[in-house]
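Visitor: what would the 3D arrangement of this be:
(chains A and B)
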Amino acid sequence: MTPAIVTESLSKRYASRMAVENLSIQVQRGEVFGLLGPNGAGKTTTIAMLLGLVAPTSGHAALLGTPLGPQLAVALRKVGVMIETPAIYPYLNGAENLLVLARAGRIDPQRVDRVLQIVGLQERAKEAARTYSQGMRQRLAIAAALLPDPELIILDEPTNGLDPAGMVEIRDLIRHLAAEGRTILLCSHVLHEVEQLCQRVAILKEGRLIAQGNVADLLQREQGIRLRVEGDPAAAIALLHALPWVTGLTQEGTVIFVDAPSQRVAELNTYLARNDIAVAEIGLRERSLETFFLEVTGDR
Amino acid sequence: MIAELRPLIAAEWLKLRRRPMAWIVLATFLGLLLLYLATWALVVALHTGALSGGMNRIMVLTDPQIAELKRQLSFPGIFGAVLGQVNSTGGICAIILAAGFVGSEYGWGTLRLLLTRVPQRGALLLAKLLTLLLGLLGAIVVALVLGSFAAALCQLILDLPSTMHLRDLLVLPLGVARSLFVILPYVMLTITSAILGRSVLAGVGGGLMFLALDMSAGSLNTLAGVDPRVQMLINLLLQPNINTLIVLNSQLFGLDQSVLISGLDLTHLPSPLQATLVILVYSGFFYWTAYRLLLRRDVGGAL
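Guide: Residues are numbered from 1 along each chain as shown, chains lettered A, B, ... in the order given. You can find the predicted model right below:
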């Protein structure tokens, strides 16, 4: 089966600035894929290119096996989208906002009630959308994305503006949608959200892909070792510098972070003990996606 | 094609119908129309002394002008008067409506969401235009109904004669179509401006600017007598051609605009065929520009 999303050397240039440069990613069907990056990294431009809203400067892309171009309309019938800030007609009520999209996209109008129910907006569906809170607008935007009963859902910051309970609800909804076999491309700044929801991620910075892979693999890669010694850590650090497979050392009080392969933990412990360094604690350094993200994007 | 457009027009119609701005613009236009008719009715009443039982007469216009006003306030001239207003203040209202209808999609960010459901941008543009024209047609019908009530009232109060024939009702659709056709280039330019500037303001600005420029250029008409070649060039502007159709519409219902508008020289106006073709060319060019802009420009991303 063809991947849900494929981009090959996809690029977009605005005047002298490259918004996206040679982006090559693949999102497999049925997976939840995270697209991460700081503001201006090119995430929204990438999504806009995939949806035919922005013309690529070069490269290729395909959505559900359909290449960008005139045939894209067929693929888009199976794609639900929520891009950045929820786009609503403020004078229409929630149901009418969805009805406009349903009519325009030739979607069964009965889906409107169904998706309003899914996002929990049915009780406020007859109220003008301009009176909605940010969280309700967010739900309405997600409802709009679900309208075509999509195979592929593209969500850009879906929990933005939601209260903690709302965030949990939306994450549960995303899990539920993924469990139904739908493919989800999730753009989010909430990194632990991506860590919880996504199997694979791609990290963009200044339009370039700087890391891609399984979340678990990325977090394990160059994971490092954390140890706490009794007494002065300076002696331990001097000893650790001598080891050829130690590529870096960071000290925080009596805690030393050692950049070294994780399988060397036992060897490291023995080495220090033989050299009369009492190790009070030793283990793998736990890294969150946030830490990894900040490291690879160079923001730390 | 029609099957493809029908759901799109239904979606656009829902947006237009439920939009408060559309109703405010319509109410404003109808208010101005009533004000216009009430003013002329007052002038006629003062002239004939109808308000004082013939005791006091204040004559601000000549007898032929009053006779023309009486024709405008009674059947079938009221149809010509209403359609004349459609092509003056109605044009401005149409510009505001069109700018809001297209420009807001950029402001609210709804255009890119809509384009994910309707990737055929040409179809979306056509649906928007047809919906707007449908809305304007509805507004013209409402204005004609309101004008008819006003005329009935005027005939009662001012004792105006009515010479309504079946023919007047039969030619009414032609008059309405002509009025709508006259508005078309302004609506098209407004849509183009809104797409170019990606905002309501750009649409209103572009439409009104063009209207003002075109009306100013209309004053060049006074030079038409200098040389036939000058006249030919001036007649390629939009305003003289629009004037031709407006005059034709007036004449359709027994009115004579030159009685009220001094300086309106009907002899220099282009032929109806040329007027139709020139307006068609202008409208077509503006539509083509709007289409190319919408088709080629990015919507969304780092704009």
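Visitor: contact partners of stretch A:112-129?
Guide: For stretch A:112-129, contacts defined as Cβ atoms under 8 Å, 6 or more residues apart in numbering or on different chains pick out A:88-95, A:97-99, A:102, A:132, A:136-137, A:139-140, A:142-144, A:146-147, A:169, A:173. Yep, even glycine has a C-beta here, placed from its N, CA and C like the rest.
Visitor: what do you get if the cut-off is 7 Å, keeping everything else the same?
Guide: A:88-95, A:97-99, A:102, A:136, A:139-140, A:142-143, A:146-147 (Cβ atoms under 7 Å, 6 or more residues apart in numbering or on different chains).
Visitor: identify the residue nearest A:L35 in space, chain neighbours excluded?
Guide: Leaving aside its chain neighbours, A:L35 sits nearest to A:C187 (4.6 Å; criterion: Cβ to Cβ, 6 or more residues apart in numbering or on different chains).
Visitor: quick one on the thing from earlier: the contacts of stretch A:112-129: which ones sit near chain B?
Guide: By Cβ under 7 Å from any Cβ of the partner chain, the members of those lying near chain B are A:I88, A:Y89, A:Y91, A:L92, A:L99.
Visitor: report the longest helix in chain B, please.
Guide: When chain B is parsed with DSSP state H, its longest helix is helix B:121-158.
Visitor: tell me which element the residue in the stretch 151-300 of chain A that chain B sits nearest to falls in.
Guide: Proximity of the stretch 151-300 of chain A to chain B (Cβ to the nearest Cβ) peaks at A:I154, 8.8 Å away. According to DSSP states H and E, A:I154 maps onto strand A:152-156.
Visitor: from the contact counts, what lies against that strand?
Guide: Here strand A:152-156 touches helix A:43-50, strand A:79-82, strand A:183-187, going by 3 or more Cβ pairs under 7 Å, 6 or more residues apart in numbering or on different chains; DSSP states H and E.
Visitor: of the ones you listed, which is nearest A:V194?
Guide: strand A:183-187 (6.5 Å; Cβ to Cβ).
Visitor: how far out from the middle of the chain is that closest one?
Guide: Computed by Cα atoms, centre = their mean, to the nearest Å, the chain-centroid distance of strand A:183-187 equals 7 Å.
Visitor: residues making contact with the helix or strand following that strand?
Guide: Once the chain leaves strand A:183-187, the next helix or strand it forms, by DSSP H and E, is helix A:191-197. Helix A:191-197 has contacts (Cβ under 7 Å, 6+ apart) with A:32, A:34, A:36, A:159, A:171, A:174-175, A:186, A:188, A:201, A:215, A:288-290, A:293.
Visitor: so for helix A:191-197, what gets flagged as buried?
Guide: For helix A:191-197, the neighbour count (16 or more other Cβ atoms under 10 Å in any protein chain shown) marks A:L191, A:E193, A:V194, A:E195, A:L197 as buried.
Visitor: and that helix, how far out from the chain's middle?
Guide: With Cα atoms, centre = their mean, you get 7 Å for helix A:191-197.
Visitor: next secondary structure after it?
Guide: Using DSSP H and E, the helix or strand that directly follows helix A:191-197 along the chain is strand A:200-205.
Visitor: pick out the residue in chain B sitting closest to chain A.
Guide: At 3.4 Å from chain A, B:R117 is the closest residue in chain B, using Cβ to the nearest Cβ.
Visitor: in stretch B:182-193, what counts as buried?
Guide: Neighbour-count burial for stretch B:182-193 [16+ other Cβ under 10 Å]: B:V182, B:I183, B:L184, B:P185, B:Y186, B:V187, B:M188, B:L189, B:T190, B:I191, B:T192, B:S193.
Visitor: okay, and which of these map to helices?
Guide: Secondary structure assignment by DSSP H places B:V182, B:I183, B:L184, B:P185, B:Y186, B:V187, B:M188, B:L189, B:T190, B:I191, B:T192, B:S193 of those in helices.
Visitor: mind putting those into TSV with distance to B:K70 and pLDDT?
Guide: Below are these laid out as TSV (distance: Cβ to Cβ, whole Å; pLDDT from 0 to 100):
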residue	distance to B:K70	pLDDT
B:V182	25	96
B:I183	28	95
B:L184	32	96
B:P185	33	96
B:Y186	31	95
B:V187	33	96
B:M188	37	97
B:L189	37	96
B:T190	36	97
B:I191	39	97
B:T192	42	97
B:S193	41	97
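Visitor: which one among those residues gets closest to B:Y287?
Guide: Using Cβ to Cβ, B:M188 comes nearest to B:Y287 of these, at 5.1 Å.
Visitor: how about the closest one, what does it touch?
Guide: B:S283, B:F286, B:Y287, B:A290.
Visitor: and if you look at B:L208?
Guide: B:L208 is in contact with B:I95, counting by Cβ under 7 Å, 6+ apart.
Visitor: that one in helix, strand or coil?
Guide: Classification of B:L208 by DSSP: H, G, I helix; E, B strand; the rest coil places it in helix.
Visitor: got it, and A:N39?
Guide: Secondary structure of A:N39, per three-state DSSP, is coil.
Visitor: B:A10 now?
Guide: Quick answer, by three-state DSSP: B:A10 is helix.
Visitor: which residues touch it?
Guide: A:R103.
Visitor: need the pLDDT of it.
Guide: pLDDT for B:A10: 95.
Visitor: ok, the residue lying closest to B:L137 once chain neighbours are set aside - contacts?
Guide: Nearest in space to B:L137, with sequence neighbours left out and distances taken as Cβ to Cβ, 6+ apart, is B:L180 at 6.2 Å. With contacts defined as Cβ under 7 Å, 6+ apart, B:L180 is in contact with B:L133, B:L136, B:L137, B:I140.
Visitor: okay if I get the residues you listed as a markdown table plus neighbour count and pLDDT?
Guide: Compiled in a markdown table, the contacts of B:L180 are given as follows (neighbours: other Cβ atoms under 10 Å in any protein chain shown; pLDDT from 0 to 100):
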| residue | neighbour count | pLDDT |
| --- | --- | --- |
| B:L133 | 17 | 97 |
| B:L136 | 23 | 97 |
| B:L137 | 14 | 97 |
| B:I140 | 22 | 97 |
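Visitor: dump stretch B:96-107 to CSV, keeping only the CA atoms.
Guide: The C-alpha trace of stretch B:96-107 is given here as CSV (Å, rounded to 0.1, in the frame of the first residue of the first chain):
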residue,chain,number,x,y,z
ILE,B,96,-19.3,46.8,-0.7
LEU,B,97,-21.1,43.5,-0.7
ALA,B,98,-18.7,41.9,-3.2
ALA,B,99,-15.7,43.1,-1.3
GLY,B,100,-17.0,41.6,1.9
PHE,B,101,-18.1,38.4,0.3
VAL,B,102,-14.6,37.7,-1.2
GLY,B,103,-12.2,39.6,1.0
SER,B,104,-13.5,38.2,4.3
GLU,B,105,-12.5,34.7,3.2
TYR,B,106,-8.9,35.9,3.5
GLY,B,107,-9.4,37.8,6.7
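Visitor: Three-state assignment for the residue nearest to B:L137, please.
Guide: Three-state call for B:L180 (three-state DSSP): helix.
Visitor: phi, psi of the nearest residue to A:W245 once chain neighbours are set aside?
Guide: Spatial nearest neighbour of A:W245, chain neighbours left out: A:A260 (5.6 Å); criterion: Cβ to Cβ, 6+ apart. When read as degrees, to the nearest 10, the backbone of A:A260 gives phi -160, psi 160.
Visitor: many thanks, I have nothing further to ask.
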